[in-house]
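> following is a predicted model, sequence given first.
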Amino acid sequence: MNSHQYRAARAFLESVEDTLPGKFEITKNGLVHDLGSPSRPHELTRVQLRKRLERAMPEALVAHTGEPDVEDEPEGIMRRPDVMVITEAEMEGDGSFDPRTVRAAIEVVSRSNPDNDWVSKVRDYPLIGVPVYAIFDPRTATGAVLTDIHPTPDGPRYATRKDFVYGEDVTIGDWTISTDDLPRYQD
């Protein structure tokens, strides 16, 4: 997506954000629209991860679960992590967050669009400089933490992936949290 296409996509999203249901993001390959509203297990997982991270982190850091988005216009990417670790000071001001200020992005896999979290965000987050990407999957009670961005012929990618299962402690950046009793999706 070139810069003109990105600005057009961004303008379109701003014009429809209060009128269309779901969550929109802009990826390297175009728009992603998750029509499904987050389920209770999804939202409860976000809250529990936020609380667990904030207990483990220094006071200057927050595990933020709201808006605004994380945007890198030159790369043509706008994402809305379920949880992002950022300092309170870096939250000041207006507009989107600079992805280079985000210490970690955490996603709870959507039941309706799991490839968005497991495929396209694995590609996009290193492109915009997010150093740590953690994925929690309530469908399978598993996840992964991706780190160590390195250059490849296809652009920056994560070099290290540490898989985990719910019940194990997981380290996200410098902070270790429990995954005991995280909610699972019921079929």
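Yes, it's here.

> neighbours of I177, how many?
Taking other Cβ atoms under 10 Å as the neighbour definition, I177 ends up with a count of 21. (Glycine included, C-beta is placed from N, CA and C.)

> which SS state does it fall under?
strand (DSSP: H, G, I helix; E, B strand; the rest coil).

> so what's the residue nearest to the spatial centre of the chain closest to, chain neighbours aside?
Nearest to the mean C-alpha position of the chain, by Cα atoms, centre = their mean, lies P81 at 2.9 Å. Leaving out its chain neighbours, the residue that sits closest to P81 by Cβ to Cβ, 6 or more residues apart in numbering is A105, at 4.0 Å.

> doesn't that neighbour belong to a helix?
No: according to three-state DSSP, A105 belongs to no helix; its state is strand.

> just the pLDDT for it.
What the model reports for A105 is a pLDDT of 97.

> so it touches V130, yeah?
Yes: because the distance of 4.8 Å satisfies Cβ atoms under 8 Å, A105 is recorded as touching V130.

> immediately after the helix or strand bottoming out on mean pLDDT in the chain, which helix or strand?
Scoring the helices and strands of the chain by mean pLDDT, DSSP states H and E places strand 30-34 at the bottom, with a mean of 69. Beyond strand 30-34 in the direction of the C-terminus, DSSP states H and E gives the next helix or strand as helix 40-56.

> for that following helix, buried residues please.
For helix 40-56, a neighbour-count test (16 or more other Cβ atoms under 10 Å) marks P41, H42, T45, R46, Q48, L49, R50, R52, L53, E54, A56 as buried.

> repeat that for stretch 147-164.
Buried residues in stretch 147-164 (16+ other Cβ under 10 Å): T147, I149, P156, R157, Y158, F164.

> any stretches of the chain with poor pLDDT?
Counting by pLDDT under 70, the chain contains low-confidence residues at 1-2, 17-18, 21-23, 33-38.

> if we go to 80?
Residues of the chain meeting the criterion pLDDT under 80: 1-39, 67-68, 187.

> mind listing the strands for it?
Along the chain, the segments classed as strands by DSSP state E run 23-27, 30-34, 61-64, 70-72, 77-79, 83-87, 104-108, 133-137, 142-150, 157-165, 169-172, 175-178.
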